[in-house]
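# Next one to model:
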Amino acid sequence: MAIYKKERFGIARKIVSNMTAESWETIPHAVVSYEADVTEFMKEYKKLNEGCTDKAKKISINTVVMKIICEGLMAAPKMNCHLKFERKLVRGKLLYHDRVNVSMPVVLPDGRMMTVNLRHMESKSLLKMTEIINDTMRRMQNTNMDEAMFEVSLDNTLKGLKKGKIKQAVLRLIGSKTGKHKVRTLKGDAKKKYYSIPEKDRLTKKDIEQGTVTISNLGSIHRDQTGMCFLLEIIPPQVTAIAVNAVRKQPTVVTDENGNDTIAIREILPLTIAFDHKALDYCDVLPFMKRLDEIFANPSVIHDWKGE
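Predicted structure coming up:
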């Protein structure tokens, strides 16, 4: 067997590898799968864009599902917390947030992945959410991802230094700026030109910093997905990560108003919900699933969220 290629980690993969390693080293992951019958919901969704000729205002199914998840999180506030935990002293504290800031992984045109922070999604109409997501994608086109991610990485390193993680901070700085593995950032005129772009037209570290919860839409990457994600990382200090899988058709038991059961082909949306068992128990996730049950049982409510 011969090695035919060597590929060193870029800044994006360095950040992902470090954060996911910390996740599995420090978090006891518990996972719940939730499957919603979205047959009637999909009919209502198709009505949502009727008469819309402006492509920029067309509301995607991903945006509606994100809104539904935000509704669920507001019903289960523990899932939207950050956790401060001291292992040696066995001390823990949950920080409750009155906003849902969504960390949303995005696949870039070059195949790399980055996570953007969409703020205050719980209070936004569907049209406003669409506007924010479209604007984020627009600004992404003007963003040097290596430069933006290095800003985030440097900021995280300095925060670690303030917390007394001196050795870790020094090693990360050495690893990022020396040797064959150093991060390639902009220099000279290229750097000046890049930072002359107004912040409203490019992503900054504020757009990439952690939200209160991660929502990963796997179904949008692979719409023909037949299985589902069974495990995903929770990135501390978050306590919840949610994967949205692809909608699929499958035989389902349907009970009519008289209590009679029949087998029918229905559209099913599977969600994977991972939570930090240090902070949450299964009962803390139940209000989330019950709220989603309510919405999918009465899907016409999505029209009330549309906005103007």
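
# ok, and for stretch 87-98, which residues are buried?
For stretch 87-98, burial by neighbour count (16 or more other CB atoms under 10 Å) applies to residue 94. In short, each C-beta sits where N, CA and C put it, glycine included.

# so where do the helices sit in the chain?
Residue ranges of the helices in the chain, as given by DSSP state H, are 11-26, 39-48, 61-75, 126-141, 145-162, 166-177, 188-195, 205-208, 218-221, 282-297.

# Need the winner for burial among those helices.
When neighbours are counted by mean count of other CB atoms under 10 Å, the highest per-stretch mean among the helices of the chain falls to helix 61-75, a mean of 22.

# hmm, who's touching that one?
45, 48, 79-80, 100, 102, 104, 121-122, 124, 126, 129-130, 133, 213, 215, 217, 220, 240, 242, 244, 247, 269, 271, 287-292, 295-296, 302, 305 (CB atoms under 8 Å, 6 or more residues apart in numbering).

# one more time with 6 Å, if that's ok
45, 79-80, 100, 121-122, 126, 129-130, 215, 217, 220, 244, 287-288, 291-292, 295, 302, 305 (CB atoms under 6 Å, 6 or more residues apart in numbering).

# next one: stretch 83-95
81, 82, 237, 239, 279.

# if we can go back for a sec, compare the mean pLDDT across the helices of the chain and name the weakest.
Per-stretch mean pLDDT for the helices of the chain is lowest at helix 166-177 (a mean of 60).

# one step back: most surrounded residue in the contacts of stretch 83-95?
residue 239 (26 neighbours; other CB atoms under 10 Å).

# Name the residues of the longest strand belonging to the chain that are buried.
Secondary structure of the chain per DSSP state E: the longest strand is strand 261-276. In terms of neighbour count (16+ other CB under 10 Å), strand 261-276 has its buried residues at 266, 267, 268, 269, 270, 271, 272, 273, 274, 275, 276.

# before we move on, what about stretch 228-248?
228-229, 232-248.

# what's the angle from the longest strand of the chain to helix 61-75?
70 degrees (axes from the mean of the first three to the mean of the last three CA atoms, to 10 degrees).

# begin at 38 from here
Done: numbering now begins at 38, and the last item shifts to strand 298-313.

# what's the angle from strand 298-313 to helix 319-334?
Using the same axes, to 10 degrees: strand 298-313 against helix 319-334 is 140 degrees.

# Check the average confidence over strand 298-313, would you?
95.

# Identify the neighbouring strands of it in the sheet and state each direction.
As defined by DSSP bridges, the strand partners of strand 298-313 come to strand 66-74 (antiparallel), strand 277-281 (antiparallel), strand 285-292 (antiparallel).

# looking at those strands, which is closest to residue 187?
Closest to residue 187 of the strands paired with strand 298-313, according to CB to CB: strand 277-281, at 24.4 Å.

# and the angle for that closest one with helix 48-63?
120 degrees.

# what's next to strand 277-281, contact-wise?
102, 116, 250-256, 266, 269, 271, 308-312.

# what is the nearest residue to residue 79 once chain neighbours are set aside paired to in the beta sheet?
Spatially, and ignoring its direct neighbours in sequence, residue 79 is nearest to residue 304 (5.5 Å; CB to CB, 6 or more residues apart in numbering). Counting by DSSP bridges, residue 304 is bridged to residue 286.

# Who are the contact partners of residue 304?
75, 76, 79, 284, 286.

# Throw those into a markdown table and include distance to residue 94, thanks.
Below are the contacts of residue 304 laid out as a markdown table (distance: CB to CB, whole Å):
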| residue | distance to residue 94 |
| --- | --- |
| 75 | 23 |
| 76 | 26 |
| 79 | 20 |
| 284 | 23 |
| 286 | 29 |
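
# Appreciated, that's everything.
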